[in-house]
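Colleague: Kindly generate the corresponding structure for this input.
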Amino acid sequence: MDNFDTARLLYLALLGGAVLLWFFAQNRASLGKVTQQALVWGLIFVGVIAAVGLWGDIRQTVQPSQTVLAQGDRIELPRAPDGHYYLTAQINGTPVRFVVDTGASQIVLTQDDARAAGLDLSNLMYAGRAFTANGTVRTAPVRLDQITIGSIADHDVRAVVNEGEMEQSLLGMDYLQRFSSVEIRDGTLSLTR
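Modeller: Here you go, the predicted structure:
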């Protein structure tokens with residue numbers, strides 16, 4: 001701390017002390033109740049400061065967001081707090097958030113994501129089957145005009161729409177195999193073309 005910061009800190013401490021001294025002098029008749037109220041307000045103040053200081057961590061827990069580094073033919077995804085890797089890709093120009101899932105063999109879209117990407121769900125034929133941890137679900141094959149991640153764009157990509165309930169669309173091995181390298185190191189998933 002330089003001299004200016006020290007002087008400001010000393011001034012604020014003296015001012016705070018004067019305010020506290022005045023407050024207790026004015027309320028000396030009911031000092032027990034005043035002390036209790038002062039402690040409650042002090043705890044509220046400390047709680048607000050803690051919430052502001054931890055807001056980034058709180059927001060990350062409630063709604064995880066990640067910074068995806070997409071440079072040229074390389075995409076880097078940091079691991080989310082829940083241990084998964086998430087990626088937002090443009091499907092037919094619409095952003096769709098995917099879980100990168102090496103256990104899924106295909107790109108699997110939720111019905112909501114498929115609808116948002118402009119696919120007509122009323123014309124789909126749910127003839128396929130997918131075996132999931134929650135049992136067997138029916139799927140409908142579709143073709144995506146374009147899937148874009150950063151500067152990487154693929155056209156006429158095969159995918160399926162899941163007939164069952166799914167929280168998140170899955171980016172499976174059919175798409176991941178388009179990359180020459182898929183590597184996980186130090187909590188980062190790297191995809192290289």
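
Colleague: Only C-alpha atoms from now on, for both contacts and neighbour counts.
Modeller: Will do.

Colleague: Show me how the protein divides into domains.
Modeller: Domain ranges of the chain: 3-53, 66-192, per automatic domain parsing.

Colleague: Mean neighbour count, these: which tops it?
Modeller: domain 66-192 (a mean of 16; mean count of other C-alpha atoms under 10 Å).

Colleague: Go ahead and measure how far it is from the middle of the chain.
Modeller: Domain 66-192 sits 16 Å away from the centroid of its parent chain (C-alpha atoms, centre = their mean, to the nearest Å).

Colleague: Let me see the mean pLDDT of it.
Modeller: Average pLDDT, domain 66-192: 87.

Colleague: Name the residue most distant from the centre of the chain?
Modeller: residue 29 (53.2 Å; C-alpha atoms, centre = their mean).

Colleague: Would you mind giving both backbone torsions of that residue?
Modeller: Note on residue 29: backbone dihedrals following degrees, to the nearest 10 are phi -70, psi -40.

Colleague: Distance of it relative to residue 87?
Modeller: 63 Å (C-alpha to C-alpha, to the nearest Å).

Colleague: With residue 33 instead?
Modeller: Plainly put, residue 33 is 55 Å away from residue 87 if you go by C-alpha to C-alpha.

Colleague: tell me which element residue 43 is part of?
Modeller: helix 31-53 (DSSP states H and E).

Colleague: So what's the gap between that helix and the chain middle?
Modeller: 32 Å.

Colleague: Give me the helices and strands touching it, please.
Modeller: Contacts defined by 3 or more C-alpha pairs under 8 Å, 6 or more residues apart in numbering; DSSP states H and E place helix 31-53 against no helix or strand at all.

Colleague: Contacts for that helix next, please.
Modeller: Applying C-alpha atoms under 8 Å, 6 or more residues apart in numbering, the contact partners of helix 31-53 are 24, 27.
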